[in-house]
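Trainee: Would you be able to build a 3D model of this:
(2 chains)
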Amino acid sequence: GIQVEQSPPDLILQEGANSTLRCNFSDSVNNLQWFHQNPWGQLINLFYIPSGTKQNGRLSATTVATERYSLLYISSSQTTDSGVYFCAPQNYGGSQGNLIFGKGTKLSVKP
Amino acid sequence: NAGVTQTPKFQVLKTGQSMTLQCAQDMNHEYMSWYRQDPGMGLRLIHYSVGAGITDQGEVPNGYNVSRSTTEDFPLRLLSAAPSQTSVYFCASSYSMFYEQYFGPGTRLTVT
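Mentor: You can find the predicted model right below:
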């Protein structure tokens, strides 16, 4: 199945800083989703992004499927951005078509 | 819409006990799934369903049963709990397997 590697595993930022989280995957994918797990454990879908770039407020994501990576950009970070960010690629013909989750990047934003 | 709901939020079991984790969604989603999350790891798929009456195993199905008699509900059963099943369990749903997935709030299970 697809192997997913997220980097960095941990990231500490000062409020207002920008950051880039990376997700590498080992095989071709048809789809990729980014999730944020807040400190209370709730998982929120941030982006559904099989290819190209999408933006939602201070967050944007880019997937380059041909080069097997996706990036999540956080600009002007806020303390509410803290938590764990997961990428989950999906190959329709692999793992029965289900999402495969990386181990996440833990982000801590300090005031 | 309530979205995806899970009950209970917390549960403590003794080894060998059985229980059912409940999951319901009110979005008329065909696809539903159960994941477990262990410290320092991502989410691992336990079982999933692409529609009422259809279920299949994911990556870590041993020790768990599921059924899907309605579109709305997808309960997860632990027949004989073991300490290795201590984890946080998440239910998710989506319009189909290849659409955005939405997660419930999770159930934190401890098996002693």
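
Trainee: contacts, neighbours, all on C-alpha from now
Mentor: Fine.

Trainee: Quick check: end-to-end length of stretch A:56-68?
Mentor: Stretch A:56-68 has an end-to-end distance of 22 Å (criterion: CA to CA, to the nearest Å).

Trainee: Number of residues surrounding the residue of chain A found nearest chain B?
Mentor: Proximity to chain B, evaluated over chain A using CA to the nearest CA, is greatest for A:Lys103 at 4.2 Å. Neighbourhood size, A:Lys103 [other CA atoms under 10 Å in any protein chain shown]: 21.

Trainee: Nearest spatial neighbour of it, chain-adjacent residues omitted?
Mentor: Of all residues not flanking A:Lys103 in the chain, B:Gly42 sits nearest, at 4.2 Å (CA to CA, 6 or more residues apart in numbering or on different chains).

Trainee: Which neighbouring residues are in contact with the closest residue to chain A within chain B, exactly?
Mentor: Chain A sits closest to B:Gly42 of chain B, with a gap of 4.2 Å, by CA to the nearest CA. Residues near B:Gly42 by CA atoms under 8 Å, 6 or more residues apart in numbering or on different chains: A:Phe86, A:Phe101, A:Gly102, A:Lys103, A:Gly104.

Trainee: could these be laid out in JSON lines, adding secondary structure and pLDDT?
Mentor: Below are those laid out as JSON lines (DSSP: H, G, I helix; E, B strand; the rest coil; pLDDT from 0 to 100):
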{"residue": "A:Phe86", "secondary structure": "strand", "pLDDT": "97"}
{"residue": "A:Phe101", "secondary structure": "coil", "pLDDT": "95"}
{"residue": "A:Gly102", "secondary structure": "coil", "pLDDT": "94"}
{"residue": "A:Lys103", "secondary structure": "coil", "pLDDT": "95"}
{"residue": "A:Gly104", "secondary structure": "coil", "pLDDT": "96"}
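
Trainee: Of all pairs in those residues, which one is the farthest apart?
Mentor: A:Phe101 and A:Gly104 (8.0 Å; CA to CA).

Trainee: shared neighbours of those two, anything?
Mentor: Shared contacts of A:Phe101 and A:Gly104 (CA under 8 Å, 6+ apart): A:Phe86, A:Cys87, B:Gly42.

Trainee: Of the residues you listed, which is the nearest to B:Gly16?
Mentor: Looking across these and measuring by CA to CA, the closest to B:Gly16 is B:Gly42, at 26.6 Å.

Trainee: residues from chain B in reach of chain A?
Mentor: B:40-44, B:97-106 (CA under 8 Å from any CA of the partner chain).

Trainee: Can you list which of those are found in strands?
Mentor: The members of those that map onto strands under DSSP state E are B:Leu43, B:Arg44, B:Tyr102, B:Phe103.

Trainee: Which among those count as buried?
Mentor: Buried members of those, scored by 16 or more other CA atoms under 10 Å in any protein chain shown, are B:Leu43, B:Arg44, B:Tyr102, B:Phe103.

Trainee: Let me see the contact set for the closest residue to the last one other than its chain neighbours.
Mentor: So that's B:Phe103. Nearest-residue entry for B:Phe103: B:Ala92, 4.2 Å, with adjacent residues in sequence omitted and distances by CA to CA, 6+ apart. For B:Ala92, the contacting residues are B:Val4, B:Met32, B:Ser33, B:Trp34, B:Tyr35, B:Gln101, B:Tyr102, B:Phe103, B:Gly104, by CA under 8 Å, 6+ apart.
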